[in-house]
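K.L.:
Quick one: sequence plus predicted model below, questions after.
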Amino acid sequence: MTMILLVAEGSGIGAVRRLRTTWYIFLLVFAPYVASWNVEVLRKRHKYAPLMHYPISVLVPLMVFRQVAFNSKIIIRKRAYILKTWGIFVVVICLSFAVPLYFLPLARTATTDREKTRVLFTWLLVVSPLVATLTGIVRSLKDGPALQTSPAIAFVAFGFALFPTLVQAKMEYIYFRAGRYEIGTSTLSLLKILRKRAISKRRSCYSAASLRP
């Protein structure tokens with residue numbers, strides 16, 4: 001919820017204001033989640049809860065960004081904005097479900113270096129297309145606040161860099177210093193990309209404002 005609101009508004013104060021008009025949409029996610037944990041009949045079938053949470057979690061960003069697009073005056077290409085921001089969160093949601101349900105069990109059961117290497121190759125083959133898709137969507141997004149996509153990018157980028165490092169940390173022939181260096185370089189490169197994108201977007205906004213009569 002916090003990530004959706006920050007992406008929609010680009011600031012904490014704007015996210016709080018947006019929550020006042022979109023709170024009923026987030027109830028679609030929280031109500032089934034709370035019910036699946038506290039209702040006795042549903043608790044017995046808790047293993048099927050992701051099948052219910054996933055479709056609702058995909059629809060909530062679409063509803064929120066649709067409201068944002070049609071209530072905002074700075075968003076010109078409204079349909080493109082809705083589809084692109086929704087696509088960002090579809091990628092994020094897919095990764096958030098795939099990591100705990102598939103990749104973490106694989107990492108826990110891997111005991112030898114060969115098995116852990118196989119887990120890392122599987123991670124790269126599956127997640128690299130998701131990261132490339134997310135990057136392409138973010139670069140093509142022109143409407144909205146300057147730093148609106150940074151929370152979603154940070155979640156996927158840190159996960160993409162951190163998971164292989166955690167798996168490699170337990171391998172016999174890979175040193176922990178190399179893992180720390182990898183995390184540091186990945187973090188710095190991510191921050192540089194976000195800073196350059198924010199500066200370029202602010203300059204384009206200033207130039208567009210100066211051209212207005």
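P.N.:
Nice, I can see it. Numbers count the residues shown, from 1 in each chain.

K.L.:
how about the helices of the protein, start to end?
P.N.:
The residue ranges that make up the helices of the chain, judged by DSSP state H, are 2-9, 12-38, 40-43, 49-71, 78-98, 104-109, 113-140, 150-169, 176-211.

K.L.:
ok, of those helices, where does mean pLDDT dip lowest?
P.N.:
Comparing mean pLDDT over the helices of the chain, the weakest stretch is helix 176-211, at a mean of 53.

K.L.:
what's the neighbour count on the residue lying closest to Ile25 once chain neighbours are set aside?
P.N.:
Computed as Cβ to Cβ, 6 or more residues apart in numbering, the closest residue to Ile25 that is not its neighbour in sequence is Met63, at 5.0 Å. Where you see a C-beta, it was placed from the backbone N, CA and C, and this is true even at glycine. Residue neighbour count, defined by other Cβ atoms under 10 Å, stands at 16 for Met63.

K.L.:
Please determine how far Met63 is located from Ile82.
P.N.:
Met63 sits at a distance of 10 Å from Ile82 (criterion: Cβ to Cβ, to the nearest Å).

K.L.:
Also Phe158?
P.N.:
If you measure Phe158 against Ile82 using Cβ to Cβ, the figure is 26 Å.

K.L.:
and these two? which has more neighbours close in?
P.N.:
Ile82 (22 against 14).

K.L.:
check contacts around the more buried one.
P.N.:
Taking Cβ atoms under 8 Å, 6 or more residues apart in numbering as the criterion, Ile82 is in contact with 62, 65-66, 69.

K.L.:
now with 6 Å?
P.N.:
With contacts taken as Cβ atoms under 6 Å, 6 or more residues apart in numbering, Ile82 has the following neighbours: 65-66, 69.

K.L.:
Buried members of those into PyMOL, please.
P.N.:
For the buried members of the contacts of Ile82, the matching PyMOL selection, counting by 16 or more other Cβ atoms under 10 Å, is:
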select buried, resi 65+66+69
